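Colleague: Sequence first, predicted model second:
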Amino acid sequence: MEGDVMVDIGGLAAQTAGIGVRPYLELTFDSDGDGAPGAREALFGIEATDLLVFAHGWNSERSTAIRLFDRFYAPFADLVGNGVRLGYVGVVWPSIRFADEPIPDFDARGAGARGLLGAGGRTGPGGRPGASGVLAEPGHGAALGPATRQALGAFWPGRAAELDRICELLEERPAEEGAFAEFGALVRELAGVDGVGAGDDLAAAFAPREVPAFLTEDVIQVCRSFTEALVEAGATLPGESPGGLAGEGFSVGGGMRTLWNGAKEVLRQATYYQMKARAGVVGEHGLGPVLAELAGRRPALRIHLIGHSFGGRVVSFALRALPTGARNVKSLTLLQGAFSHYAFAESLPHDRDRAGALHGLQGRVDGPVTACHSPYDSALKVFYPLASRMAGDSAGLMGFDERWGAIGHDGVQAVPGAPRLTLDAALRGGLPAAGCVSVDAGSVVRSGGAPSGAHSDICHEDLARLVVVAGRMGR
């Protein structure tokens with residue numbers, strides 16, 4: 001279905017926005033968690049026994065999120081039991097999309113889809129299905145294409161001069177150290193690291209010593225590390241051979257120009273960190289209060305939360321707003337969750353006096369908290385731990401450090417008794433009745449191009465079936 005249509009749900013109008021399932025509602029939140037008017041009241045009157053609530057991840061514009069919802073929700077009606085009447089919700093929150101980073105399987109219609117995939121999918125590193133290509137929108141080298149530039153302009157309003165200069169630097173790729181210093185200063189200013197920015201900037205999201213190292217350490221070394229990480233993730237860098245990236249391969253006029261590929265990744269990660277802060281705010285102060293009100297007004301309505309990437313952070317932080325004793329959330333499924341694998345831990349292995357940000361909140365779910373993970377997710381395997389290190393906590397930037405692992409890379413960690421299952425075992429034998437469980441979804445979550453790999457390869461019927469199993473909605 002194309003275009004927006006209006007349907008009546010419980011006597012109230014709701015926008016379905018190209019979604020093929022019914023009844024469907026869209027909950028839209030701004031960066032402070034304030035919701036758009038209308039849909040909230042329609043939600044309270046929705047005719048359903050079970051409500052699927054899906055939050056998209058970082059790097060998704062609204063049109064991309066709608067296609068994601070449409071594709072992911074498509075199999076559900078044929079999977080649930082006869083007594084289950086499903087309602088569907090799409091949670092849309094302000095994110096940023098780099099148009100050179102397509103979402104596999106359903107994004108062929110999206111802007112810049114050929115930027116990474118080239119002429120079509122190819123076998124990725126290690127022989128896994130995937131796509132490897134040049135990291136750029138068509139015709140733009142290492143620079144920002146117009147779609148990405150437009151998205152960044154909306155993300156950082158009023159900063160056109162800074163963004164235009166960044167575009168020039170990424171386009172020209174000068175070999176001078178001063179150009180990298182200028183780029184680093186511009187990114188720091190946009191991100192608010194030095195207190196210049198506004199809104200949900202990094203200065204507000206992190207204590208001073210916890211500002212990510214990639215925004216505080218030597219910019220050339222940081223760009224070098226990200227360039228090496230791009231190659232590790234299977235990328236072919238524009239105009240350069242990846243064979244010359246080690247050691248002295250970074251020579252002035254050759255390798256220094258190659259470092260601008262890493263510089264572009266620095267910019268991407270700066271938006272990523274602001275999305276990390278924003279996702280928590282939207283979950284706790286936006287979606288959470290809606291779920292809390294549902295618990296009071298529709299206590300029999302069974303809620304099943306689903307989140308992809310940072311959308312997993314949105315739905316997880318929503319649990320903070322649930323009232324004591326609320327039992328309306330019956331399952332929470334994290335698809336390649338982009339937050340700490342220690343989030344639900346009572347005590348961190350490297351700091352026993354600290355707990356995870358969501359410790360104990362699995363108890364507010366009257367069912368399992370299921371964390372899907374995949375070894376083919378380069379975004380979480382390579383870039384998340386690289387970018388997540390905090391200044392002063394590590395001697396170098398490269399190398400995996402378990403302190404900064406993502407839940408979508410290796411599942412739930414440091415939660416005693418949390419089982420670990422394969423996807424096939426979970427579908428055949430079921431999931432625990434409550435508590436955290438990790439599910440290796442690498443059998444289906446395995447396709448995608450650099451730099452993110454299979455991070456967004458989530459539109460599979462087996463994953464829909466997993467949500468049905470988690471929510472005890474099957475036949």
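Modeller: It's in.
Colleague: list the contacts for residue 380?
Modeller: Residue 380 is in contact with 336, 338, 373, 406, 408, 409, 455, counting by C-beta atoms under 8 Å, 6 or more residues apart in numbering. C-beta coordinates here come from the backbone N, C-alpha and C atoms, glycine included.
Colleague: Tell me the secondary structure at the second one.
Modeller: Applying DSSP: H, G, I helix; E, B strand; the rest coil to residue 338 yields a three-state assignment of coil.
Colleague: Distance check, the closest residue to it other than its chain neighbours against residue 372.
Modeller: Among residues not flanking residue 338 along the chain, residue 309 sits closest, at 4.5 Å (C-beta to C-beta, 6 or more residues apart in numbering). Distance, residue 309 to residue 372, by C-beta to C-beta, to the nearest Å: 11 Å.
Colleague: what touches both of the two?
Modeller: Shared contacts of residue 309 and residue 372, counting by C-beta under 8 Å, 6+ apart, come down to 335, 336, 337, 408.
Colleague: Pull out the buried members of those.
Modeller: 335, 336, 337, 408 (16 or more other C-beta atoms under 10 Å).
Colleague: which residues touch the spatially closest residue to residue 329 that is not a sequence neighbour?
Modeller: Leaving aside its sequence neighbours, residue 329 sits nearest to residue 303 (C-beta to C-beta, 6+ apart; 4.7 Å). Listed by C-beta under 8 Å, 6+ apart, the contact partners of residue 303 are 50, 51, 53, 291, 294, 328, 329, 330.
Colleague: sec struct for residue 303, please.
Modeller: Residue 303 ends up strand, using three-state DSSP.
Colleague: Which strands or helices does the strand or helix carrying residue 189 pack on?
Modeller: For residue 189, the host element (DSSP states H and E) is helix 177-191. Contact here means 3 or more C-beta pairs under 8 Å, 6 or more residues apart in numbering; DSSP states H and E; on that basis helix 177-191 packs against helix 160-172, helix 219-232, helix 255-282.
Colleague: about what we covered before: look at residue 309 and residue 372 and report which has more neighbours.
Modeller: A count of neighbours by other C-beta atoms under 10 Å puts residue 309 above the other of residue 309 and residue 372, at 32 against 29.
Colleague: For that one, give me its contacts.
Modeller: Contacts of residue 309 (C-beta under 8 Å, 6+ apart): 56, 57, 58, 59, 335, 336, 337, 338, 379, 408, 455, 456.
Colleague: Over to the fifth one: give its phi and psi.
Modeller: Geometry field for residue 335 lists phi and psi as phi -100, psi 100, criterion degrees, to the nearest 10.
Colleague: For it, name its beta-bridge partners.
Modeller: Residues in a beta bridge with residue 335, per DSSP bridges, are residue 308, residue 372.
Colleague: thought it was touching residue 463?
Modeller: Yes. Between residue 335 and residue 463 a contact is recorded at 6.5 Å, counting by C-beta atoms under 8 Å.
Colleague: what residues are shared contacts of those two?
Modeller: 372, 441, 445.
Colleague: what two of the contacts of residue 303 have the greatest distance between them?
Modeller: Taking C-beta to C-beta, the two most distant members of these are 50 and 291; they sit 14.0 Å apart.
Colleague: how close does residue 307 get to residue 282?
Modeller: From residue 307 to residue 282 the distance is 11 Å (C-beta to C-beta).
Colleague: same check, this time on residue 336
Modeller: In terms of C-beta to C-beta, residue 336 sits 18 Å off from residue 282.
Colleague: swap in residue 92?
Modeller: Going from residue 92 to residue 282 by C-beta to C-beta gives 10 Å.
Colleague: Just want to know which of these two has more residues nearby.
Modeller: residue 282 (33 against 22).
Colleague: list the contacts for that one?
Modeller: Applying C-beta under 8 Å, 6+ apart, the residues near residue 282 are 29, 31, 33, 91, 93, 314, 317.
Colleague: Straight-line length of stretch 322-335, end to end?
Modeller: 22 Å (C-alpha to C-alpha, to the nearest Å).
Colleague: Distance check, the nearest residue to residue 232 once chain neighbours are set aside against residue 212.
Modeller: Spatial nearest neighbour of residue 232, excluding adjacent residues (C-beta to C-beta, 6+ apart): residue 382 at 5.7 Å. Separation of residue 382 from residue 212 (C-beta to C-beta): 15 Å.
Colleague: Quick check: which element contains the spatially closest residue to residue 73 that is not a sequence neighbour?
Modeller: Take residue 73 and drop its neighbours on the chain: the residue closest to it by C-beta to C-beta, 6+ apart is residue 21, 4.7 Å away. Taking DSSP H and E as the definition, one finds residue 21 inside no helix or strand.
Colleague: Quick check, residue 21 in contact with residue 74.
Modeller: Yes. Taking contacts as C-beta under 8 Å, residue 21 lies within contact range of residue 74: 7.0 Å.
Colleague: Of those two, which one has the most company?
Modeller: Using other C-beta under 10 Å as the criterion, residue 21 and residue 74 rank with residue 21 on top: 19 against 15.
Colleague: And that one, how close does it get to residue 185?
Modeller: 47 Å.
Colleague: Equivalent analysis for residue 34, please.
Modeller: Taking C-beta to C-beta, one finds residue 34 at 33 Å from residue 185.
Colleague: rewinding a little: spell out which residues are contacts of both of residue 307 and residue 282.
Modeller: With C-beta under 8 Å, 6+ apart, residue 307 and residue 282 have common neighbours residue 314.
Colleague: Can you read off the backbone torsions of the residue nearest to the spatial centre of the chain?
Modeller: Nearest to the mean C-alpha position of the chain, by C-alpha atoms, centre = their mean, lies residue 309 at 2.7 Å. Residue 309 adopts backbone torsions of phi 60, psi -120, taken as degrees, to the nearest 10.
Colleague: dump the residue contacts of residue 346.
Modeller: Each residue near residue 346 by C-beta under 8 Å, 6+ apart is listed here: 355, 356, 359, 360, 414, 415.
Colleague: 6 Å instead, please
Modeller: 355, 359 (C-beta atoms under 6 Å, 6 or more residues apart in numbering).
Colleague: low-scoring stretches of the stretch 51-200 of the chain, by residue?
Modeller: 100-142, 194-200 (pLDDT under 70).
Colleague: Now do the helices in it.
Modeller: Secondary structure of the stretch 51-200 of the chain (DSSP state H, counting those that start in this stretch): helices located at 62-73, 114-117, 146-155, 160-172, 177-191.
Colleague: Good, we can wrap up now.
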